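Asker: Take a look and give me a structure for this.
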Amino acid sequence: MKKLICLLLCMLLALCPALAACEEAEETGGSSSDGSAADVSGSQGGSSLYTDDDGRYTLDNLGMEFNFDEDEFRVCVYNSVVQTTYFSEEIDCSDIDTTDNQLKAGVTNRNNRIEEKYGVKVVKVAVDDVSTAIQEQITANTNQFDAAMPFMMNAVTLAQNGALYDLHEFGDYIHLEAPWWDQSANEALSVAGKLYFTTGDISIMQKIVSSCLLFNRALYADSLEADYGDLYDLVRDKKWTFDTMVEMCKKVTSDKDGVAGLQYTDDWGIVGTNGASGYYVSGGFVLVDKTADDIPQIAIGRDEASINYAQKLLQSFSDDGWFFNTQSPTQTTVNGLSIWETAMAAFAEERAMFYGAAFSAVKKLRNYSVSNTMGFIPMPLSSELQEEYCTPSNIRYAYGVCIPLTVENPEFSAFMIEALSCYAKDDITPAYYQSTLLDRDAHTDDNVDMLDNYIFSNVIYDPGILYGFGGLSSMIDTLMGNGSADVASELESIRDAAQTAIDDCVEAYQLG
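Answerer: This is a model prediction of the structure:
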């Protein structure tokens with residue numbers, strides 16, 4: 001009966017157009033499973049419930065027995081035809097030329113370990129759009145894959161339409177408290193005690209869509225270090241605040257191209273794509289949090305501090321004399337390039353001190369000289385009183401691993417999802433971290449320290465960003481694009497719609 005209801009619901013869902021390519025999602029920016037530096041970099045040795053005597057992650061101590069007559073595990077993922085940036089590499093990347101060799105080796109090692117241990121070959125089912133493929137499988141009642149990894153913004157729709165299993169149903173196989181699952185994601189993605197999709201070491205995409213600030217170390221040394229000292233030490237001393245960043249940016253922004261007025265060809269304090277909402281989250285605030293009963297509730301506006309800080313950000317960004325605005329509602333291209341490409345070019349050509357971006361941008365900068373002098377720092381604190389740095393994540397474009405209701409053997413899918421994530425913690429997460437960020441792009445011990453202890457250590461998943469909730473997710477950036485700082489009025493204008501969307505989401509999850 002559950003599958004029949006799902007079929008009827010998703011026949012309607014299938015009428016919706018497929019998700020368009022999201023190359024422009026680069027404008028905003030996951031987390032390790034428990035947020036620790038050790039968790040990002042791999043296992044540390046020593047036997048425990050989750051590791052063997054050699055410190056390798058294992059399922060052997062969890063009492064799980066493989067009693068399935070299956071020899072293939074098929075996972076539906078995005079190919080690189082439409083998703084030219086956010087395509088899947090973590091299931092099988094042997095056919096992708098741009099994947100770093102270390103990551104290829106890590107994925108191969110993980111898959112080989114699973115095949116040797118369980119006799120199951122991991123198979124990638126690569127499609128243009130995972131959400132559409134799930135809808136088609138449900139509508140046709142076919143069985144083309146055993147699990148799927150859609151973008152989370154699409155997984156939300158699938159979950160609310162009853163198309164996915166609640167992962168809590170598979171407690172014998174999926175140990176959501178295990179270190180290979182992202183606990184912050186589990187907490188943010190569940191609603192009313194239901195968790196239809198999540199992430200962890202099974203995917204690297206939540207790291208790829210995390211945000212930080214890149215900076216040009218050489219430019220900083222030449223123009224700012226004498227006044228502010230070592231920037232890394234500024235971060236460590238918790239003096240890296242939004243006010244300090246703006247002050248620095250104003251000092252270095254200048255009209256250098258000989259054309260009156262600031263142009264994209266001038267020198268900028270900061271370019272990039274994190275938007276005011278990213279700085280809001282990095283300042284220690286969220287749009288939506290949860291009640292003790294796991295019910296989403298509007299967080300912004302609950303106290304004056306959240307409204308005041310959002311308003312401060314918007315007022316600061318209304319002065320474009322220190323940053324290159326990529327969120328203008330009217331200017332979307334510059335000299336034939338998209339506004340996002342233009343911003344990246346300014347940093348790549350060493351005309352900008354800071355570049356706010358997701359980690360997906362890091363790999364693209366390798367072809368430019370700036371890669372040799374590039375630094376990583378977290379996005380700024382709201383003030384020196386903030387307890388810790390917060391890293392925003394554009395979780396909408398992270399992958400949410402899920403089990404569609406149409407799979408023939410969901411228990412097998414659950415077991416294999418657990419195995420993929422567990423063994424990825426040894427083989428894939430460290431490979432991505434080392435090859436893509438450290439060996440190739442970070443270069444310095446200071447950058448490693450920033451990644452370990454200040455960026456990946458506290459990634460924030462805001463339910464309001466993922467679920468949207470009646471325009472709540474875009475409210476701050478919409479105000480920024482329109483040059484307005486009237487947060488209180490805008491919030492009140494959408495509050496009823498946001499609450500209705502929350503109520504509808506809760507009801508859909510409770511009925512699922």
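Asker: what bits of the stretch 151-300 of the chain have low per-residue confidence?
Answerer: 256-264, 273-274 (pLDDT under 70).
Asker: show me where pLDDT drops low in the stretch 301-450 of the chain?
Answerer: 325-340, 439-442.
Asker: domains for this protein, by residue range?
Answerer: 2-32+68-203+397-427, 211-392+462-511 (automatic domain parsing).
Asker: Name the nearest residue to residue 475, ignoring sequence neighbours.
Answerer: Spatially, and ignoring its direct neighbours in sequence, residue 475 is nearest to residue 490 (5.7 Å; CB to CB, 6 or more residues apart in numbering). C-betas here are computed from N, CA, C, even on glycine.
Asker: Could you report the distance from the one you found to residue 187?
Answerer: 28 Å (CB to CB, to the nearest Å).
Asker: Between those two, which is the more surrounded one?
Answerer: residue 490 (19 against 15; other CB atoms under 10 Å).
Asker: where exactly do the strands run in this protein?
Answerer: 72-78, 121-127, 147-148, 211-216, 268-272, 288-290, 296-298, 333-334, 337-338, 352-358, 374-377, 391-392, 459-460 (DSSP state E).
Asker: follow-up on the earlier one: and the pLDDT at the residue nearest to residue 475?
Answerer: What the model reports for residue 490 is a pLDDT of 96.
Asker: cool, and residue 19?
Answerer: At residue 19, pLDDT is 37.
Asker: Kindly report the same for residue 4.
Answerer: pLDDT, residue 4: 46.
Asker: which of the domains of the chain is buried the deepest?
Answerer: Of the domains of the chain, the one with the most neighbours on average (mean count of other CB atoms under 10 Å) is domain 2-32+68-203+397-427, at a mean of 20.
Asker: Measure how far that one is from the centre of its chain, please.
Answerer: 15 Å (CA atoms, centre = their mean, to the nearest Å).
Asker: Equivalent analysis for stretch 228-242, please.
Answerer: 25 Å.
Asker: Any idea how far apart the tips of it sit?
Answerer: 14 Å (CA to CA, to the nearest Å).
Asker: Could you do stretch 145-152 as well?
Answerer: Rule used - CA to CA; the end-to-end distance of stretch 145-152 is 18 Å.
Asker: before we move on, back to that, run through the residues that contact the residue nearest to residue 475.
Answerer: 475, 478, 479, 484 (CB atoms under 8 Å, 6 or more residues apart in numbering).
Asker: tell me the contacts of the second one?
Answerer: Read it as residue 478. Counted by CB under 8 Å, 6+ apart, residue 478 has contacts 471, 490.
Asker: Please read off the pLDDT at it from the model.
Answerer: pLDDT, residue 478: 89.
Asker: Now residue 293. Nearest residue, chain neighbours left out?
Answerer: Distances taken as CB to CB, 6+ apart put residue 192 closest to residue 293, at 7.5 Å, once the chain neighbours are dropped.
Asker: From residue 465, how far off is the one you found?
Answerer: 19 Å.
Asker: Could you do residue 90 as well?
Answerer: 22 Å.
Asker: so where's the stretch 1-150 of the chain shaky on pLDDT?
Answerer: Using pLDDT under 70, the flagged stretches of the stretch 1-150 of the chain are 1-47.
Asker: Show me the helices in it, by range?
Answerer: For the stretch 1-150 of the chain, the helices defined by DSSP state H, counting those that start in this stretch occupy 2-13, 37-41, 101-118, 130-140.
Asker: now the last one and strand 121-127, what's the angle there?
Answerer: The reference is to helix 130-140. Interaxial angle, helix 130-140 versus strand 121-127 (axes from the mean of the first three to the mean of the last three CA atoms, to 10 degrees): 100 degrees.
Asker: How about exporting helix 130-140 as CSV, limited to the C-alpha atoms?
Answerer: Taking C-alpha atoms only, helix 130-140 is exported to CSV below (Å, rounded to 0.1, in the frame of the first residue of the first chain):
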residue,chain,number,x,y,z
VAL,A,130,18.8,11.8,-10.3
SER,A,131,15.4,13.2,-9.1
THR,A,132,13.9,12.6,-12.5
ALA,A,133,15.3,9.0,-12.6
ILE,A,134,13.8,8.3,-9.2
GLN,A,135,10.4,9.6,-10.4
GLU,A,136,10.6,7.6,-13.6
GLN,A,137,11.5,4.4,-11.6
ILE,A,138,8.5,5.0,-9.3
THR,A,139,6.1,5.7,-12.1
ALA,A,140,7.2,2.7,-14.2
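Asker: Give the other helices and strands that that helix contacts.
Answerer: On a contact count with 3 or more CB pairs under 8 Å, 6 or more residues apart in numbering; DSSP states H and E, helix 130-140 meets helix 2-13, strand 72-78, strand 147-148, helix 152-160.
Asker: Now do the third one: which elements does it pack against?
Answerer: On a contact count with 3+ CB pairs under 8 Å, 6+ apart, strand 147-148 meets strand 72-78, helix 130-140, helix 410-427.
Asker: got a list of contacts for that strand?
Answerer: 73-77, 130, 133-134, 401-404, 407, 413, 416-417.
Asker: What about residue 64, how many residues nearby?
Answerer: 16.
Asker: ok, now how distant is residue 427 from residue 301?
Answerer: 44 Å.
Asker: now do residue 414
Answerer: From residue 414 to residue 301 the distance is 40 Å (CB to CB).
Asker: quick one, what contacts residue 227?
Answerer: Listed by CB under 8 Å, 6+ apart, the contact set of residue 227 reads residue 251.
Asker: Nearest to residue 371 among the contacts of strand 147-148?
Answerer: residue 77 (28.3 Å; CB to CB).
Asker: For the closest one, list each beta-bridge partner.
Answerer: residue 126 (DSSP bridges).
Asker: Look up how far residue 153 lies from it.
Answerer: 16 Å.
Asker: and if you look at residue 358?
Answerer: Counting by CB to CB, the gap from residue 358 to residue 153 is 15 Å.
Asker: same question, residue 415
Answerer: 27 Å.
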